[in-house]
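Asks: For reference, the sequence and a predicted model appear below.
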Amino acid sequence: MTVASKIEEAGFTPASRIAAIGVSKILQIGARASAMKKDGLPVIILGAGEPDFDTPDNVKEAAKAAIDRGETKYTALDGTPDLKRAIAEKFRRENNVDYALDEVTVATGAKQILFNAFMATIDPGDEVIIPTPYWTSYSDIVEICGGVPVLIPCDAEAGFRLKADQLEKAITPKTRWVLLNSPSNPSGAAYSEADYRPLIDVLLKHPHVWLMVDDMYEHIVYDGFQFVTPVAIEPRLKSRTLTINGVSKAYAMTGWRIGYAGGPKALIKAMAVIQSQATSCPSSVSQAASVEALNGPQDFLKDRQASFKQRRDLVVSALNAIPGLACRTPEGAFYTFSGCAGVIGKTTPKGKRIEADSDFTDYLLEDAHVAVVPGSAFGLSPFFRISYATSEAELTEALKRIADACAKLA
Ligand SMILES: Cc1ncc(COP(=O)(O)O)c(C=O)c1O
């Protein structure tokens, strides 16, 4: 059901720009699972897109100190000078990329960075190349902005990564952006320098195409994976790349709503025009907290990474032990994206045939009381996403229930 048809039921006609946008399957499943839980059913929800850690204490203290100093008013439109300095320093220190302060922007979450960037650059019919599986917000935001998402399937055999020949074929005179996300939500797949290089070579041949990279999960990588951002590999792309990041996932700050990006000055200025009429500025207190997150101690990130790795290993090995499922080991983020081709065509104990991954995830919710998200919600089937940002005890129980549910299929 689309947003438009849902709202029309209430006797109201929404704008055509949202007519084609579907209500997020992730939110639908979350709402259903929460309702079941309220009814007393022992539902385990593996859908959360946020770390289960708390925001670090030094960050909370910095926010309290900012309030006490009276930093409770509007700030500079696209970020305080203090935060922009901390971000520029972060890009230098961690990514080996130099951005001047007027090449840095701050918004209310990386989501608003994406929104500002697409609003500021997309004319009707402009195309944005998005490898799938993809974070659903990408295509929805592009559509809201009047653009056309060009979705390129990238299967498990390809490591869920876009290949150079696919990119070359997808580029047209209307291509405005290519959007890459590493490590990825939902697949956890990440691009090494060697994976990026052939894509960069294609982009160098097509100067009208801009690159947007979403590095949100940069700090959640495993097995010695070397995170790298494209501009560090190829400085010639810097004049047409927007490098997006944020504090939400690395510092467990999803509720503070701060995202940021580095990019060419003219783009950053255009994005500020959109922001000026949307929110005026990001939250003053959250910006002060983010300065501390970026400038403060970073050593705890390694411990959190180790904890996520343990959980990743638990989930991947449990999934691969279940006949009918096949899970690639992700390089990063806190998601697994497991294939479920082996259960398609089977029948549940209640006699319902599983035709698609969404039938399988419906069955897991109804029968095993485990909420996961079907691959169709991320543009690639038949798969399902587990978020393992929850306790090992819950994960163990959930995986046992999934195994039992699969064993009951005929
Ligand atoms: C790949 C990716 N990018 C960006 C975001 C949004 O982050 P923020 O909380 O900064 O809006 C998310 C959140 O789920 C995400 O998964």
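Replies: In hand now; what should we look at?

Asks: Look through the protein and state the residue closest to the ligand.
Replies: The chain approaches the ligand most closely through G109 (2.8 Å), counting by CB to the nearest ligand atom. All C-beta spots, glycine's among them, are computed from the backbone N, C-alpha and C.

Asks: Now do that residue against N95, distance only.
Replies: Distance, G109 to N95, by CB to CB, to the nearest Å: 20 Å.

Asks: So for the two, which residue has more residues nearby?
Replies: Between G109 and N95, G109 has the larger neighbour count (other CB atoms under 10 Å), namely 22 against 19.

Asks: surely that one meets V247?
Replies: No - G109 is beyond contact range of V247, at 9.5 Å (criterion: CB atoms under 8 Å).

Asks: residues from the stretch 51-200 of the chain in reach of the ligand?
Replies: 109-111, 135, 181, 185 (CB under 6 Å from any ligand atom).

Asks: Now for those: which two are most distant?
Replies: The largest separation in these, counting by CB to CB, is between G109 and N181 at 15.1 Å.

Asks: sorry, back to before: with distance to V23 as extra columns, can I get the residues of the stretch 51-200 of the chain next to the ligand in a markdown table?
Replies: Converted to a markdown table, these look like this (distance: CB to CB, whole Å):
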| residue | distance to V23 |
| --- | --- |
| G109 | 20 |
| A110 | 22 |
| K111 | 17 |
| W135 | 16 |
| N181 | 22 |
| N185 | 19 |
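
Asks: contacting residues for the most centrally placed residue in the chain?
Replies: Most central in the chain under CA atoms, centre = their mean is N185, positioned 4.3 Å from the mean C-alpha point. Applying CB atoms under 8 Å, 6 or more residues apart in numbering, we find N185 in contact with 49, 135, 216-217, 333, 335.

Asks: Neighbour-wise, which one of those residues leads?
Replies: That'd be A333 among the contacts of N185, by other CB under 10 Å, with 30 neighbours.

Asks: Show me what secondary structure element comes after the lowest-mean-pLDDT helix or strand in the chain.
Replies: Using mean pLDDT, DSSP states H and E, helix 3-8 stands out as the lowest-scoring helix or strand of the chain, at a mean of 54. Sequence-wise, the next helix or strand downstream of helix 3-8 (DSSP states H and E) is helix 25-38.

Asks: Could you check how far that following helix is from the centre of its chain?
Replies: In terms of CA atoms, centre = their mean, to the nearest Å, the gap separating the centre of helix 25-38 from the centre of its chain is 20 Å.

Asks: other SSEs contacting that helix?
Replies: strand 44-45, strand 370-371, strand 373-374 (3 or more CB pairs under 8 Å, 6 or more residues apart in numbering; DSSP states H and E).

Asks: would you list the ones you listed in JSON lines and tack on mean neighbour count?
Replies: As requested, these are exported to JSON lines (neighbours: other CB atoms under 10 Å):
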{"stretch": "strand 44-45", "mean neighbour count": "21"}
{"stretch": "strand 370-371", "mean neighbour count": "26"}
{"stretch": "strand 373-374", "mean neighbour count": "26"}
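
Asks: Would you mind saying which of the ones you listed lies nearest A19?
Replies: That would be strand 373-374 among the helices and strands packed on helix 25-38, by CB to CB, at 23.3 Å.

Asks: right, and P207 touches S239 too?
Replies: No - applying CB under 8 Å as the test, P207 and S239 come out as separate, 9.5 Å apart.

Asks: Compare neighbour counts for these two and give me the winner.
Replies: Just comparing P207 and S239: by other CB under 10 Å the higher neighbour count belongs to S239, 14 against 10.

Asks: just checking, that one touches G263?
Replies: No - assessed by CB under 8 Å, S239 is found out of contact with G263, at 9.1 Å.

Asks: List the contacts of E127.
Replies: The contact partners of E127, taken as CB under 8 Å, 6+ apart, are 147-150, 172, 174-176.

Asks: C-alpha coordinates for stretch 224-242, CSV please?
Replies: C-alpha atoms of stretch 224-242 as CSV (Å, rounded to 0.1, in the frame of the first residue of the first chain):
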residue,chain,number,x,y,z
GLY,A,224,41.0,-6.4,9.7
PHE,A,225,39.0,-4.9,6.9
GLN,A,226,40.6,-1.6,5.8
PHE,A,227,37.9,1.0,5.4
VAL,A,228,38.6,3.6,2.7
THR,A,229,36.5,6.4,1.2
PRO,A,230,36.7,7.0,-2.5
VAL,A,231,38.1,10.6,-2.4
ALA,A,232,41.1,9.3,-0.5
ILE,A,233,41.7,6.8,-3.3
GLU,A,234,41.2,9.3,-6.1
PRO,A,235,41.6,13.0,-5.3
ARG,A,236,40.4,13.8,-8.9
LEU,A,237,36.9,12.8,-7.7
LYS,A,238,36.8,15.3,-4.9
SER,A,239,35.3,18.1,-6.9
ARG,A,240,32.2,15.9,-7.6
THR,A,241,31.9,13.7,-4.5
LEU,A,242,29.8,14.1,-1.4
